[in-house]
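In: Sequence and computational prediction follow.
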Amino acid sequence: MKDGLQYAGEFTLHEAKLFSPSGEITDLVTDLLVDEINIFEDMFSQFVSGSIIVADVNDIITELPIMGQERLSLKISTPSLKEKKDIIDFTESPFFVYRVNLRQELSLGSQMYELAFISPEAIKNNNSRISKSYIDNKANIGEIVFDLLSEDVDGVKTNKEIFIEETVGSRPYIVPNSHPYTFISKLTKEA
């Protein structure tokens, strides 16, 4: 086998595991047939999302069962890129499966379906609300965003590396019972 790309869109799937809420683990590489993986990252969206289309010949969807509350661990690389920074690695911070789409029977006992997934920060954002004052310390917008993403107990508490460009000036702010990313979106207009 030649090193490098053979065709456009080629990838190597190192790991694809599905963790059920009950603690069962399914290896999508060995237990299912992975047909397609789509990962979407948008500059105007706060979250990474995607879908994975699988063919299920072992009826994993009912045995596990898959119902849209699972975590999905992915590790993907392009054959021509060998450095660690070039590997898409969501093993430390797995995606959350939130929907099962396009379920159709292929033949007796086998079916194909799509698992839609999103980054864990989306789930944390929807499950938390912030009511906090930044009036006393008149924080910088960059410091407020960093606090909401990683330090605040009620915030997103992400374990990913955060890069925030410096912002100028300090302003008083009150977060009025808002989802963290909703308030961060409001701050972007002033940064």
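Out: In hand now; what should we look at? Numbers count the residues shown, from 1 in each chain.
In: Buried residues, the longest helix that the chain contains. List them.
Out: Taking DSSP state H as the criterion, the chain has its longest helix at helix 180-188. The neighbour-count check on helix 180-188 (16 or more other Cβ atoms under 10 Å) flags Pro180, Tyr181, Phe183, Ile184, Leu187 as buried. Glycine gets a C-beta too; all of them are placed from N, C-alpha and C.
In: tell me the contacts of the second one?
Out: Put plainly, it is Tyr181. For Tyr181, the contact set (Cβ atoms under 8 Å, 6 or more residues apart in numbering) comprises Gln46, Glu121, Asn125, Val156.
In: now these in JSON lines, with neighbour count, secondary structure and pLDDT?
Out: Listed next are the contacts of Tyr181 as JSON lines, based on neighbours: other Cβ atoms under 10 Å; DSSP: H, G, I helix; E, B strand; the rest coil; pLDDT from 0 to 100:
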{"residue": "Gln46", "neighbour count": "15", "secondary structure": "coil", "pLDDT": "88"}
{"residue": "Glu121", "neighbour count": "21", "secondary structure": "helix", "pLDDT": "92"}
{"residue": "Asn125", "neighbour count": "22", "secondary structure": "helix", "pLDDT": "92"}
{"residue": "Val156", "neighbour count": "26", "secondary structure": "coil", "pLDDT": "90"}
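In: Of those, which is the nearest to Glu24?
Out: Nearest to Glu24, judged by Cβ to Cβ, of these is Glu121 at 24.7 Å.
In: Would you mind confirming that the closest one makes contact with Thr158?
Out: Yes - between Glu121 and Thr158 there is a contact at 5.5 Å, judged by Cβ atoms under 8 Å.
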